[in-house]
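K.L.:
build me a model from this:
(one chain, ligands or ions: 1)
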Amino acid sequence: MAETTSQPIASATQSKATAPEAAATAAAPEAGPSTTGQKEPVVVLVIGMAGSGKTTLMQRLNSYLHSKDQPPYILNLDPAVSHMPYSANIDIRDTVDYKEVMKQYNLGPNGGIMTALNLFTTKFDQVLGFVEKRAQSVDYVLVDTPGQIEIFTWSASGAIITDAIASSLPTVVAYIVDTPRTTSPATFMSNMLYACSILYKTRLPFILVFNKIDVEPHDFALEWMADFEKFQEALAERGRDENGENYMNSLMNSMSLVLEEFYNDIRAVGVSAMTGQGMKEFFAAVEEGRKEYEADYRPELERLKQEKDAKAEAAKQAHLERMMKDMGVDKAPKGNPFGPHPRNEREDRYMDDEGGDSEDERIDRQQEAEEEADDHPEVAPEDDDVMQYGGHDEGMGVWPRPQ
Ligand SMILES: Nc1nc2c(ncn2[C@@H]2O[C@H](COP(=O)(O)OP(=O)(O)OP(=O)(O)O)[C@@H](O)[C@H]2O)c(=O)[nH]1
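P.N.:
Numbers count the residues shown, from 1 in each chain. Now for the predicted structure:
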């Protein structure tokens, strides 16, 4: 697997902020410290519907960071991207040729992309190794995902990649919205429900990125998110189908609570990947996301890890106990290493001679022996035989005793 150095292809365009998000007040991009005291980059997972502008935004973010002297580390996970206006450090296309995959496995384009991603996932530990090696020298890791959003968000490989990245480095999801195509209330709601489902699936800090604000400012979206009645008014006006039926109303009402909760949880920024508007706000939101990761996600990750370790330990113990039971030693009385079955002669001897007595019994036996010795000092000690043939005693001369 090859690793290359990313280069800015377009020049960075400094822009004025257009949207009055709270994020706008934050400073220029600055990667923060980890709880371990080591510098860690933030991973930005760029996810969005086909055509929302992910690749163009990746290029814009790349050139913006280069202009700030903070070149990012870039991963491209889209095997089907035909034109990539920036160079990635790690590109899935260098590892898997999705067209070849289509041919060999007799698949259509989506199946080819999905299988290519699955194959790449088997190598993802290596990819993560590369990223971790560069963790000290970069502030941002940008990840472009396949255009067919569901291939990444609802596939096993997408989940494995997301979890692997998020358990290794602070990670933020940037959900890209094609703003000009989202002005209809029905499309807006569908897009928000999709974003909501990704938030609840990944549980990662989330940024709604309204792209293409050079064509359509995203004020309407912010208003709908802040004031649900305004959204309902828009829906009443524009949500009718060709027969004049407002088919979305009842669905909207039942979804309203879910979405209100969702809007409370996320931050939204407006950007233009084309002109470079909103970059500062975007990176301020990423910084907030990093803090949220440290405050909420990482402790939860640690807790889950401890829980998993405890479960693994319990499973190990249960396995051991089962094994002991199978061997018949699980209910062995204390001091009897032979288990509950009737003891044979050899085992009896062991128990009587050395292993079977408890500490108290041994002390009693010792006392009895001492009392016996006091009462009958003329009786030689039990081990006298041994002394006769091998030892040396100063008072008694050299052994063996002369006969
Ligand atoms: N006006 C305008 N056009 C944009 C902007 N961002 C992207 N586009 C255009 O939108 C189209 C799609 O952009 P891409 O970057 O290819 O979108 P994508 O999400 O990567 O598309 P897939 O690879 O199909 O998923 C292109 O024609 C871009 O030039 C923007 O901020 N403003």
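
K.L.:
what average pLDDT does the helix or strand hosting E321 get?
P.N.:
Using DSSP states H and E, E321 falls within helix 298-326. Taken as a whole, helix 298-326 has an average pLDDT of 86.

K.L.:
who's in contact with whichever residue of the chain sits closest to the ligand?
P.N.:
Across the chain, the shortest distance to the ligand (C-beta to the nearest ligand atom) belongs to G147, at 2.4 Å. Glycine gets a C-beta too; all of them are placed from N, C-alpha and C. Residues near G147 by C-beta atoms under 8 Å, 6 or more residues apart in numbering: 50-51, 54, 78, 80-81.

K.L.:
now for the nearest residue to G112 once chain neighbours are set aside, how many residues are close by?
P.N.:
Once flanking residues are discounted, G112 sits nearest to M102: 3.5 Å by C-beta to C-beta, 6 or more residues apart in numbering. By the measure other C-beta atoms under 10 Å, the count of residues near M102 is 19.

K.L.:
how about M102, secondary structure?
P.N.:
helix (DSSP: H, G, I helix; E, B strand; the rest coil).

K.L.:
use 21 as the first number for this chain going forward.
P.N.:
Happy to do that; since the first residue is 21 now, the last one works out to M122.

K.L.:
name the residues that touch the host helix or strand of S217?
P.N.:
Element membership for S217 (DSSP H and E) is helix 205-222. Residues outside helix 205-222 that contact it (C-beta under 8 Å, 6+ apart) are 67, 69, 169, 173, 179, 182, 186, 193, 195, 197, 201-202, 226, 228, 241, 244-245, 251, 254-255, 258-259, 268, 272, 275, 278-279, 282, 285-286.

K.L.:
show the subsequent helix or strand relative to that helix.
P.N.:
The helix or strand immediately downstream of helix 205-222 is strand 226-231, counting by DSSP H and E.

K.L.:
neighbouring strands of that following strand in the sheet, and parallel or not?
P.N.:
Sheet pairing of strand 226-231 (DSSP bridges) gives strand 191-198 (parallel), strand 287-290 (parallel).

K.L.:
near the ligand, which residues of the protein?
P.N.:
68, 70-76, 101, 167, 231-232, 234-235, 292-294 (C-beta under 6 Å from any ligand atom).

K.L.:
what's the closest non-adjacent residue to N138?
P.N.:
N138 sits nearest to S177 (C-beta to C-beta, 6+ apart), 4.8 Å away.

K.L.:
contacts only, for the one you found.
P.N.:
By C-beta under 8 Å, 6+ apart, the neighbours of S177 are 134, 137-138, 140-141.

K.L.:
which element is it on?
P.N.:
helix 176-188.

K.L.:
that older thread, could the strands paired with strand 226-231 go into JSON lines alongside mean neighbour count and mean pLDDT?
P.N.:
Listed next are the strands paired with strand 226-231 as JSON lines, based on neighbours: other C-beta atoms under 10 Å; pLDDT from 0 to 100:
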{"stretch": "strand 191-198", "mean neighbour count": "25", "mean pLDDT": "96"}
{"stretch": "strand 287-290", "mean neighbour count": "25", "mean pLDDT": "95"}
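
K.L.:
turn these into a markdown table, including distance to Q337.
P.N.:
Formatted as a markdown table, these follow (distance: least, C-beta to C-beta, whole Å):
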| stretch | distance to Q337 |
| --- | --- |
| strand 191-198 | 34 |
| strand 287-290 | 45 |
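
K.L.:
coming back round to it: strands - which of the contacts of helix 205-222 land there?
P.N.:
67, 193, 195, 197, 226, 228 (DSSP state E).

K.L.:
mind giving me the PyMOL command for buried ones among the contacts of helix 205-222?
P.N.:
In PyMOL, a selection of the buried entries from those looks like this (16 or more other C-beta atoms under 10 Å):
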select buried, resi 67+69+169+173+182+186+193+195+197+201+202+226+228+241+244+245+251+254+255+259+268+272+275+279+282+286
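
K.L.:
in helices only, show me the contacts of helix 205-222.
P.N.:
Secondary structure from DSSP state H places 169, 173, 179, 182, 186, 241, 244-245, 251, 254-255, 258, 272, 275, 278-279, 282, 285 of those in helices.

K.L.:
before we move on, the earlier item: out of the contacts of S177, which sit inside helices?
P.N.:
134, 137-138, 140-141.

K.L.:
gap between S175 and Q387?
P.N.:
75 Å (C-beta to C-beta, to the nearest Å).

K.L.:
more neighbours: which of the two?
P.N.:
Using other C-beta under 10 Å, the more surrounded residue of S175 and Q387 is S175, with 18 against 10.

K.L.:
close enough to count as contact, the more buried one and L137?
P.N.:
Yes - the criterion here is C-beta atoms under 8 Å, and S175 meets it with L137 at 6.8 Å.

K.L.:
contacts only, for the spatially most central residue of the chain.
P.N.:
The chain has S187 as the residue nearest its centroid, 3.0 Å off, counting by C-alpha atoms, centre = their mean. Applying C-beta under 8 Å, 6+ apart to S187 gives the contacts L321.

K.L.:
return the set of buried residues in stretch 103-110.
P.N.:
Buried, per 16+ other C-beta under 10 Å, within stretch 103-110: 104, 106, 108-110.

K.L.:
what stretches of the chain score poorly on pLDDT?
P.N.:
Along the chain, segments meeting pLDDT under 70 span 21-58, 259-270, 273-274, 276-277, 349-363, 366-367, 369-380, 382, 396-423.
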